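J.: build me a structure from this.
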Amino acid sequence: MAFQSVKVFALELDGPEDAVYSSGEMVTGVVILELNREIKVRALRVLGRGVAAAHWLENRSVGVNTVYNDYTSEITYFRKRRHLIRVMRCVTFALLFKSGQGLLVCF
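T.: Residues are numbered from 1 along each chain as shown. Next comes the predicted model:
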């Protein structure tokens, strides 16, 4: 199986580990692929996605009864796929995404 041949497959973003990105900022980094042995690779893809999710509960008392409201929302701001194609034993690929409009993105 091809996955047994993969020694390292990592995505390292530039900037601090707990970075939060806002609208229009560039998200840059590298994809590192290191193999234990030579294998045939047809394609290597990286998918980046910017998502905002919120969930909260509200309750209020109406006489002796309590009414609960449960709210959930999720918005996908962008979804970018990059194809990285090279066959070597240890390869570092450049990664560059531009975030969408009006969002906070955390990787």
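J.: could you check the pLDDT of residue 7?
T.: Looking at residue 7, its pLDDT reads 86.
J.: now do the contacts for it.
T.: 34, 35, 36 (Cβ atoms under 8 Å, 6 or more residues apart in numbering). For glycine as for every other residue, the C-beta is placed from the backbone atoms N, C-alpha and C.
J.: out of those residues, who has the most neighbours?
T.: When neighbours are taken as other Cβ atoms under 10 Å, the top entry among the contacts of residue 7 is residue 35 (18 neighbours).
J.: show the low-confidence segments of this protein, by residue range.
T.: In the predicted model, the chain carries pLDDT under 70 at residues 1-2, 23, 85-107.
J.: returning to what we had before: could I get the contacts of residue 7 as a markdown table with distance to residue 47 and secondary structure?
T.: As requested, those are exported to a markdown table (distance: Cβ to Cβ, whole Å; DSSP: H, G, I helix; E, B strand; the rest coil):
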| residue | distance to residue 47 | secondary structure |
| --- | --- | --- |
| 34 | 20 | strand |
| 35 | 21 | strand |
| 36 | 24 | coil |
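J.: now residue 35, which residues is it bridged with?
T.: Applying DSSP bridges to residue 35 gives these bridge partners: residue 6.
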